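Novice: Sequence and predicted model, in that order:
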Amino acid sequence: MPGDTTGGDGQARRALILVENLSVPFDRRVWQECTTLRDAGWEVHVICPRGEKRDTEPETVIDGVRIHRYPLRAATGGPAGYLREYGSALWHTLRLARRVGPVDVVHACNPPDLLFLPALWLKRRGARFVFDQHDLVPELYLSRFDRGEDLLYRAVCALERRTYRAADIVLATNESYRDVALRRGRKRPEDVFVVRSAPDIERFHPVPPEPELKNGKPHLLCYLGVMGPQDGVDYALRALAKLRDEVGRTDWHAVFVGGGDAFDAMVELSRRLGLTEHVRFTGRVPDADLVRYLSTADVCLSPDPRNPLNDVSTMNKVLEYMVMGRPIVSFDLREARVSAGEAAVYASDDDEGEFARLVARLLDDPEERARMGKIGQERISGPLAWRNSQRALLAAYAAACRDQVPVSAGGPVRKGKRHRR
């Protein structure tokens, strides 16, 4: 970022990235942002929770990025559990932010929409606040808890408003999220940048298929991703039962890769539907195993149902299917079409029967599968490539630091009045 990566004393500008819901570098989007900033000359720090099986060190430096991690117990028991989780996360985040010291940019990734609190503390010390909106939390609340627009819903809306108000710059993952920032967040167009998530093509690339992963069947179906209440794994399982019972197809094996708080319930649903012999749940697996499954899959599943969140969200699994050259069956969501285009076929109205029939149609048409896979790879290497998001990210940081007084290692250098918007 020309002219903006060093402070007044010649030292690199410092960025502090705050994450609550995933560890780093496991959070691939955040890690790509970290390395992009590092390559542009920034000194990058991250505060995030520790992982359970990976990313477990309290503090580490990876590829020049310093990561500070805190212990965090995931929420259980509904909204009250999330309040306990978020309270602990905020306390640890502020504690570690004090240890990091002054920064030029504090970059907070939601959910939750509570990280504006430590961001405000850092803003008072000279930092600019970049809000990286990974999720629309009000829509997430409606989609996950099915409680309607109750008191807690109004509370998360208020927190979102406070976050927008505090942010100097907003990073949106797609144009739908950008529209929300402009309309609901009342941000200026020049202060909202679309930074799309994109797979790391160095880590995700096809390898030779392994027929033994098909469990003796001609075809392999694959689901990749988080298994939460809003992610539609139950829709996929019911569609597979219809594929067997209504379409009459048993020439397939399905693998579900990933974990989440609905994992055990999905395993039980699979048992109740009589799919135990047809479906395998792997839990989270190393990248190398994930690549093996995706390289062998004939069709990939994106069963997220239409709800206030899913319709406007970009699904990382869709992008990862595309980079691997796999054809996709999806429900008809606005942003799914923006991402996948003709690399997917779309079942309307959350229709599980139509979803099953589309799977069967693709299984019968290897030429169409190959055509769709090629389209997906071309989109990922072209308009959806991370290099485009890198430019947007660096432009956003340049805008955030416009007219900013640099922060030195010893504290903010206050020379005259700070720029105010």
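Specialist: Done, it's in.
Novice: and Pro229, how many neighbours?
Specialist: By other Cβ atoms under 10 Å, 15 other residues sit near Pro229. In short, each C-beta sits where N, CA and C put it, glycine included.
Novice: now do Ala398
Specialist: Ala398 sits with 16 neighbouring residues when counted by other Cβ under 10 Å.
Novice: Check what pLDDT it gets.
Specialist: What the model reports as pLDDT for Ala398 is 97.
Novice: Please, which helix or strand holds it?
Specialist: According to DSSP states H and E, Ala398 maps onto helix 386-400.
Novice: outside of that helix, which residues touch it?
Specialist: Helix 386-400 has contacts (Cβ atoms under 8 Å, 6 or more residues apart in numbering) with 1, 4, 15, 32-33, 36-37, 40, 42, 105, 128-130, 168-169, 171, 190-191, 193-201.
Novice: Can you show me the strands along the stretch 1-150 of the chain?
Specialist: Secondary structure of the stretch 1-150 of the chain (DSSP state E, counting those that start in this stretch): strands at 14-18, 43-49, 59-62, 65-70, 105-109, 128-133.
Novice: which other helices and strands contact the longest one?
Specialist: What it means is strand 43-49. When contacts are defined as 3 or more Cβ pairs under 8 Å, 6 or more residues apart in numbering; DSSP states H and E, strand 43-49 packs onto strand 14-18, helix 28-39, strand 65-70, helix 79-100.
Novice: which of the ones you listed sits most buried?
Specialist: strand 14-18 (a mean of 26; mean count of other Cβ atoms under 10 Å).
Novice: How far off centre is that strand?
Specialist: Relative to the chain's own centre, strand 14-18 is displaced by 18 Å; criterion: Cα atoms, centre = their mean, to the nearest Å.
Novice: now swap in stretch 330-339 and tell me
Specialist: Chain-centre distance of stretch 330-339: 16 Å, with Cα atoms, centre = their mean.
Novice: Mind listing residues that contact that stretch?
Specialist: If you take Cβ under 8 Å, 6+ apart as the criterion, stretch 330-339 is touched by 174-176, 232, 235, 302-306, 310-315, 318-319, 322, 340, 344-350, 355, 379, 384.
Novice: Quick one: end-to-end distance for that stretch.
Specialist: With Cα to Cα, to the nearest Å as the measure, stretch 330-339 spans 11 Å from end to end.
Novice: Now that stretch: buried residues?
Specialist: 330-333, 335-336, 338-339 (16 or more other Cβ atoms under 10 Å).
Novice: Stretch 118-126 too?
Specialist: For stretch 118-126, the neighbour count (16+ other Cβ under 10 Å) marks 118-119, 122-123, 126 as buried.
Novice: What average pLDDT does it get?
Specialist: 96.
Novice: now stretch 132-149
Specialist: Stretch 132-149 shows an average pLDDT of 92 in the prediction.
Novice: Stretch 107-115 - what's its average pLDDT?
Specialist: For stretch 107-115, the mean per-residue pLDDT is 97.
Novice: can you give me how far it is from the chain middle?
Specialist: The chain centre lies 13 Å from the centre of stretch 107-115; the measure is Cα atoms, centre = their mean.
Novice: Keeping just the C-alphas, turn it into PDB.
Specialist: Presented in PDB, the C-alpha positions along stretch 107-115 are these (Å, rounded to 0.1, in the frame of the first residue of the first chain):
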ATOM      1  CA  HIS A 107      -9.900  -4.900  12.300                       C
ATOM      2  CA  ALA A 108     -12.800  -6.700  14.000                       C
ATOM      3  CA  CYS A 109     -14.400  -9.800  12.400                       C
ATOM      4  CA  ASN A 110     -18.000 -10.700  13.400                       C
ATOM      5  CA  PRO A 111     -19.900 -12.600  14.700                       C
ATOM      6  CA  PRO A 112     -20.600 -11.400  17.400                       C
ATOM      7  CA  ASP A 113     -21.300  -7.700  16.900                       C
ATOM      8  CA  LEU A 114     -19.600  -7.000  20.200                       C
ATOM      9  CA  LEU A 115     -16.000  -6.500  19.100                       C
END
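Novice: ok, and what's touching that stretch?
Specialist: Residues outside stretch 107-115 that contact it (Cβ under 8 Å, 6+ apart) are 15-21, 27, 30, 33, 82, 86, 89-90, 93, 116, 118-119, 129-135, 137, 140, 156, 159-160, 162-163.
Novice: How about stretch 141-152?
Specialist: The contact list for stretch 141-152, computed with Cβ under 8 Å, 6+ apart, reads 78-79, 153, 156, 228-230, 307-310.
Novice: Now do the buried residues in that stretch.
Specialist: Applying a neighbour-count criterion of 16+ other Cβ under 10 Å, one finds 141-145, 152 buried in stretch 141-152.
Novice: What about the contacts of stretch 330-339, which are in helices?
Specialist: Counted as lying in helices by DSSP state H, out of the contacts of stretch 330-339, are 175-176, 235, 318-319, 322, 340, 355, 379.
Novice: re the thing from before, among the strands of the stretch 1-150 of the chain, which comes closest to Pro286?
Specialist: Closest of the strands of the stretch 1-150 of the chain to Pro286 is strand 59-62, at 16.7 Å (criterion: Cβ to Cβ).
Novice: Check which helices and strands the closest one sits against.
Specialist: If you count contacts as 3+ Cβ pairs under 8 Å, 6+ apart, strand 59-62 packs onto strand 65-70.
Novice: still on that earlier bit, CSV please, covering the buried residues of stretch 118-126 and showing distance to Arg292.
Specialist: What follows is the buried residues of stretch 118-126, written out as CSV (distance: Cβ to Cβ, whole Å):
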residue, distance to Arg292
Pro118, 40
Ala119, 40
Leu122, 43
Lys123, 46
Gly126, 48
